[in-house]
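Visitor: Could you work out the structure for the sequence below:
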Amino acid sequence: MSHVRRVALCVLATIGATACSGGGGGGNGSVAPVGGGDSGGDSGSLAGEALPPINFLADVTTGNGGTSVTGASTDVLFDETFVPTIRVTGRGDIETFDVAPASSYDGFNVYTKGDVVLIANSAAKGLNYTGFGVWAEGDIEAALNNEVANVVNAAGYFGGAETSLPATGTATYAGSATAIEVQLDNNAQGLYTGSMTANVDFAARTISGSMDLTNAAQNASLTITTGDMGLNRNTGRFAGGNFSSSAGHTGFGEGRFFGPEQNEIGGEFTLTGGISTVVGGYGGARTD
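Guide: Model (predicted):
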């Protein structure tokens, strides 16, 4: 088994001794695949076959990252063939993923390069204009030895084909989300994936939504609500500081509408509370 393949199998599914205290609880046993999802039942393990990347229907004109677990401003830049580059303020580009995805997890592609892992939505997620996910940088060798791994940094990201917003009307969106939990001592983390929904009132310039996430390795669950976020009609952006989780985390999130007719949304969030920080990304397609 190649080094890259082993990283994909171990780095996020089996590291971490503690998951978020809210939700489904769980212990520190071995990974327990839960099946289902939209990727052929590979949830709970990073051993699935790599899925096709997104074939964007329009040029990607934005790439955005959130505040990382270390407080750094980050960006993930990518093009229509999904070649992501992670950029961290003060460090420059830390990795460009000009490699094929090594494996998949619950419909997400898993990219590995050096000591960085990036989780990205694939064509299986059904989005045509939006890319989103989460990345982490850390001690790969410890993860390969099934030891608690140190996380240097992590953040969510999103991007796509930008659009402006109408002055009236409403819309609903549904899709997927993924997140990484990192203890404040940078020593334990878990990968969460799940679903998201959002409701938009273009006239009132507001959007709100929620995410239901599961960490299969820890048998834990986490619900995140966004609160009301304000919309910028000209840029298609939205943001809000009232994000909260069922485990007591609070924080900030942002996003943007993508596609010529506000077909999709994508965004990211950073939440802190107790002994951990949760960072992640989400994206969904219009359902109304």
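Visitor: What is the end-to-end distance of stretch 240-251?
Guide: By CA to CA, to the nearest Å, the extent of stretch 240-251 from end to end equals 9 Å.
Visitor: If you count neighbours, what's buried in it?
Guide: Under the neighbour-count criterion of 16 or more other CB atoms under 10 Å, stretch 240-251 has 240, 243-247, 249, 251 buried. Every C-beta, even on glycine, is put in place using the N, C-alpha and C of the backbone.
Visitor: which intervals of the stretch 51-200 of the chain have sub-threshold pLDDT?
Guide: 140-149, 186-189 (pLDDT under 70).
Visitor: ok so, going back, from the buried residues of stretch 240-251, which land in helices?
Guide: When DSSP state H is applied, the buried residues of stretch 240-251 are split such that none fall in helices.
Visitor: can these go into a markdown table with extra columns for distance to Phe269 and pLDDT?
Guide: Converted to a markdown table, these look like this (distance: CB to CB, whole Å; pLDDT from 0 to 100):
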| residue | distance to Phe269 | pLDDT |
| --- | --- | --- |
| Gly240 | 10 | 97 |
| Phe243 | 5 | 98 |
| Ser244 | 10 | 98 |
| Ser245 | 9 | 97 |
| Ser246 | 14 | 96 |
| Ala247 | 14 | 93 |
| His249 | 9 | 96 |
| Gly251 | 6 | 97 |
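Visitor: which one of these is nearest Asp75?
Guide: Gly251 (18.5 Å; CB to CB).
Visitor: ok, now which ones touch the closest one?
Guide: Gly251 makes contact with 241, 243-244, 269-272, 278, according to CB atoms under 8 Å, 6 or more residues apart in numbering.
Visitor: ok, which stretches of this structure are helices?
Guide: 3-10, 140-144.
Visitor: now the contacts of Gly251 in JSON lines, with distance to Ser176?
Guide: As requested, the contacts of Gly251 are exported to JSON lines (distance: CB to CB, whole Å):
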{"residue": "Gly241", "distance to Ser176": "23"}
{"residue": "Phe243", "distance to Ser176": "17"}
{"residue": "Ser244", "distance to Ser176": "20"}
{"residue": "Phe269", "distance to Ser176": "14"}
{"residue": "Thr270", "distance to Ser176": "18"}
{"residue": "Leu271", "distance to Ser176": "18"}
{"residue": "Thr272", "distance to Ser176": "23"}
{"residue": "Val278", "distance to Ser176": "16"}
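Visitor: from these, which two are the most distant?
Guide: Longest span within the contacts of Gly251, CB to CB: Gly241 and Val278, 15.2 Å.
Visitor: Now Met229: closest residue in space, sequence neighbours ignored.
Guide: Gly240 (3.4 Å; CB to CB, 6 or more residues apart in numbering).
Visitor: Please verify my assumption that the one you found contacts Thr225.
Guide: No - counting by CB atoms under 8 Å, Gly240 does not reach Thr225; the two are 10.6 Å apart.
Visitor: of all the contacts of Gly251, which comes closest to Asp93?
Guide: Thr270 (20.8 Å).
Visitor: What is the neighbour count of that closest one?
Guide: 24 (other CB atoms under 10 Å).
Visitor: ok, now which ones touch it?
Guide: 66-69, 155-156, 251-253, 277-279 are the contacts of Thr270 under CB under 8 Å, 6+ apart.
Visitor: From start to finish, how long is stretch 118-126 in a straight line?
Guide: 19 Å.
Visitor: Need the contact partners of it.
Guide: 12, 38-39, 51-55, 76, 82, 84, 86, 95, 97, 101, 104-105, 107-112, 127, 130-135, 175-176, 178, 180, 191, 283, 285.
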